[in-house]
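K.L.:
fold the stuff below for me.
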Amino acid sequence: MLQNNTSVLARRVVIDGDFATLAYEAGWAREAVVFVQVEGGHPDLVVATEISPDGINWIRRGEPATLSADATIAELSLSAFGNWLRVTVTGASPEAPARILIHVNGKS
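P.N.:
Residues are numbered from 1 along each chain as shown. Down below sits the predicted model:
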C-alpha cells in the first residue's frame with residue numbers, strides 16, 4: 001500500500017516578483033505532485049520545480065508550466081528527484097501581483 005503526505009509550501013502568499021518556496025525535504029517520497037493555485041486576479045505565471053543535493057544549490061527539474069491569467073491551478077509531477085525540492089513562480093510584479101497557494105503531495 002502506498003503512503004502519501006500533503007504539505008503546504010505557501011499559503012495565500014502575495015508575490016510581486018520572483019518567488020521560491022523554502023527547501024522541502026522529500027527524500028522519503030518516490031514521486032511528488034505539486035499544485036500551484038492562485039486566488040483573485042493575476043498575470044500569466046510560470047511555475048517550475050527545482051531539486052537540490054543539499055537544500056542550498058538548485059537545479060531546475062522537469063518542464064515548467066504556465067498558469068495563464070484566466071486559470072486558477074497548475075500541477076507539476078516529479079519522480080527520481082533526490083532529497084530536496086522547491087517550487088519557483090515567476091511573472092508577478094508590483095503592478096500585477098498574485099496571491100498563491102502551493103501544496104506538494106508525496107507518495108512512497
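
K.L.:
residue contacts, residue 67?
P.N.:
36, 38, 42, 44-47, 73-74 (C-beta atoms under 8 Å, 6 or more residues apart in numbering). Placement of C-beta: from N, CA and C, glycine included.

K.L.:
can you check residue 28 too?
P.N.:
106, 108.

K.L.:
check which residues of stretch 95-108 are buried.
P.N.:
Buried residues in stretch 95-108, counting neighbours by 16 or more other C-beta atoms under 10 Å, are found at 97-106.

K.L.:
with adjacent residues omitted, what lies nearest to the residue nearest to the spatial centre of the chain?
P.N.:
Geometric centre of the chain, nearest residue: residue 87, 3.2 Å, by C-alpha atoms, centre = their mean. Closest residue to residue 87 apart from its sequence neighbours, by C-beta to C-beta, 6 or more residues apart in numbering: residue 21 at 4.8 Å.

K.L.:
burial count for the one you found?
P.N.:
Residue 21 has 21 neighbours, counted by other C-beta atoms under 10 Å.

K.L.:
how close does it get to residue 70?
P.N.:
24 Å (C-beta to C-beta, to the nearest Å).

K.L.:
after the longest strand seen in the chain, which helix or strand is next?
P.N.:
Longest strand of the chain, by residue count under DSSP state E: strand 4-15. Tracing the chain past strand 4-15, the next element assigned as helix or strand by DSSP states H and E is strand 19-20.

K.L.:
partner strands of that following strand and their direction?
P.N.:
Sheet pairing for strand 19-20, assigned by DSSP bridges, gives strand 84-90 (antiparallel).

K.L.:
roughly how far is the partner strand from the heart of the chain?
P.N.:
With C-alpha atoms, centre = their mean, to the nearest Å as the basis, strand 84-90 stands 5 Å off its chain's centre.

K.L.:
using PDB, write out every CA atom in that strand.
P.N.:
This file holds the C-alpha atoms of strand 84-90, laid out as PDB (Å, rounded to 0.1, in the frame of the first residue of the first chain):
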ATOM      1  CA  TRP A  84      15.300  18.300  -1.500                       C
ATOM      2  CA  LEU A  85      12.800  20.100  -3.700                       C
ATOM      3  CA  ARG A  86      11.300  23.600  -4.100                       C
ATOM      4  CA  VAL A  87       8.900  25.400  -6.300                       C
ATOM      5  CA  THR A  88       9.500  28.700  -8.200                       C
ATOM      6  CA  VAL A  89       7.000  31.200  -9.500                       C
ATOM      7  CA  THR A  90       7.900  34.000 -11.900                       C
END
